[in-house]
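Trainee: Okay, predicted coordinates and the sequence, questions at the end:
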Amino acid sequence: DYSTTEQDTGKKWIDGRPIYQKTYTGVIARGEYEFYNKMDLGAIDAESVIGIDGGLYDTNGNIIPLFSTLTADNNGYGDYTWEPRIAGGHVEIGLNGSTLAIGYNFILTIKYVKPAATETKTTKKRTTKKEENK
């Protein structure tokens, strides 16, 4: 069950908070810096990342799994590892400025825990015998 909207996975983190996931898809575009192609994929309310999965898919059907290295040719030069990060509450992905991955499709799924303060919890007030008798 994957979706581009936030989902509660039904699993719990070690402290009992729900684990959420969200999938991002798109096409690698020229980034904001000359030496680094950084794309902002949008806001996320994550305190801790539990896992990240994904890959790039080129026009020839080649699959480049997350954290893999792209190379321009057999000499090993060209592209560096593409790695996502969360900075300032936003998901970002990027590659170096001379990347050949411009135009590649990407799929990225992030599993995360929200900050405890943003979790909505409903609690039932416990009543004492004295309160019940009033």
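Mentor: Right, received. Where do you want to start?

Trainee: Find the nearest non-adjacent residue to the spatially most central residue of the chain, please.
Mentor: The centroid of the chain falls nearest to I110 when counting by C-alpha atoms, centre = their mean (3.4 Å). Leaving aside its sequence neighbours, I110 sits nearest to I52 (C-beta to C-beta, 6 or more residues apart in numbering; 5.3 Å). All C-beta spots, glycine's among them, are computed from the backbone N, C-alpha and C.

Trainee: Could you say which helix or strand holds the one you found?
Mentor: Using DSSP states H and E, I52 sits in strand 48-57.

Trainee: helices and strands around that strand, which ones?
Mentor: Judged by 3 or more C-beta pairs under 8 Å, 6 or more residues apart in numbering; DSSP states H and E, strand 48-57 is in contact with strand 63-65, strand 83-87, strand 105-113.

Trainee: and that strand, which residues are buried?
Mentor: 52, 54-56 (16 or more other C-beta atoms under 10 Å).

Trainee: what's the angle between it and strand 105-113?
Mentor: Note on geometry: by axes from the mean of the first three to the mean of the last three C-alpha atoms, to 10 degrees, strand 48-57 and strand 105-113 are set 170 degrees apart in direction.

Trainee: Make 45 the first number, not 1, from now on.
Mentor: Sounds good: first residue 45 from here, last item strand 92-101.

Trainee: gap between strand 92-101 and the chain center?
Mentor: Taking the mean of its C-alpha atoms, strand 92-101 sits 6 Å from the chain's own mean (C-alpha atoms, centre = their mean, to the nearest Å).

Trainee: just the CA coordinates of it, formatted as CSV?
Mentor: In CSV, the C-alpha atoms belonging to strand 92-101 read as follows (Å, rounded to 0.1, in the frame of the first residue of the first chain):
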residue,chain,number,x,y,z
SER,A,92,12.7,10.6,13.0
VAL,A,93,13.1,8.7,9.7
ILE,A,94,12.6,5.0,10.0
GLY,A,95,13.5,4.0,6.5
ILE,A,96,13.9,5.3,2.9
ASP,A,97,13.5,3.2,-0.2
GLY,A,98,13.5,4.2,-3.9
GLY,A,99,15.2,4.3,-7.2
LEU,A,100,15.9,6.2,-10.4
TYR,A,101,14.7,4.9,-13.7
